[in-house]
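Novice: Just a sequence and a predicted model for now, questions to come.
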Amino acid sequence: LERVIDEVGRLMRGEGDALPKAEPFRTFIGRLEQDGTARRAAETYFSAELGDVDEPTAPFGVMDVRANGWQACEIRRTIAPSLGRRVRAAAVRHGVSAAAIYHLAWGRVLGACCGRDDVVYGTVLSGQQQDGESTALGMYINTLPLRVRLNLSASAALQATHAGLGALL
């Protein structure tokens, strides 16, 4: 944010020509792909986290979710403000993020739909890896696999989900 404010100020003062050239996202990704240390760390993490997963999490056994899309629909529900406050209070009480509670709840739904106590699903995270060289600004959005183990106590499952989200970040 400080950099954005600084650059806006420079533009407003007519100093835009002195700003560094914007880095294309592809340059940032190219540098990450060349970084063998980062690649090995990611491979090690995902191998340890997902190496023993032998089948996909498929609610109701449905594997072809795209098909021709004729049955696809979207349903949205708004959470009541009172429930949102209760979730945030529970998160504080357990020392986790509200996101961990919602992720665990979704894991429980998937587990019930699949008849499994160990599920993996994609979660959308945003953030930017600080590689020390990047001049790119913006939110980098990524969908990463989160494993939620449901064969634990509620408290232990919540802590594990919170830790899993933190490890993905």
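Specialist: Here it is on my side, so go on.
Novice: separation between Leu144 and Cys73?
Specialist: 26 Å (Cβ to Cβ, to the nearest Å). Backbone N, C-alpha and C define where each C-beta goes, glycine included.
Novice: Which one's more surrounded, those two?
Specialist: The neighbour count for Leu144 versus Cys73, taken as other Cβ atoms under 10 Å, is higher for Leu144 (15 against 5).
Novice: Pick out the residue nearest the middle of the protein.
Specialist: Most central in the chain under Cα atoms, centre = their mean is Leu125, positioned 2.8 Å from the mean C-alpha point.
Novice: from the chain's centre, how far out does the helix or strand of the chain with the lowest mean pLDDT sit?
Specialist: Scoring the helices and strands of the chain by mean pLDDT, DSSP states H and E places helix 25-34 at the bottom, with a mean of 73. Relative to its chain's centre, helix 25-34 lies at 20 Å (Cα atoms, centre = their mean, to the nearest Å).
Novice: go on, stretch 46-65?
Specialist: The answer for stretch 46-65 is 17 Å, by Cα atoms, centre = their mean.
Novice: other SSEs contacting the longest helix along the chain?
Specialist: The helix that spans the most residues within the chain, counting by DSSP state H, is helix 98-114. With contacts taken as 3 or more Cβ pairs under 8 Å, 6 or more residues apart in numbering; DSSP states H and E, helix 98-114 sits against helix 81-94, strand 118-126, strand 141-149, helix 154-168.
Novice: Nice, that's everything, thank you.
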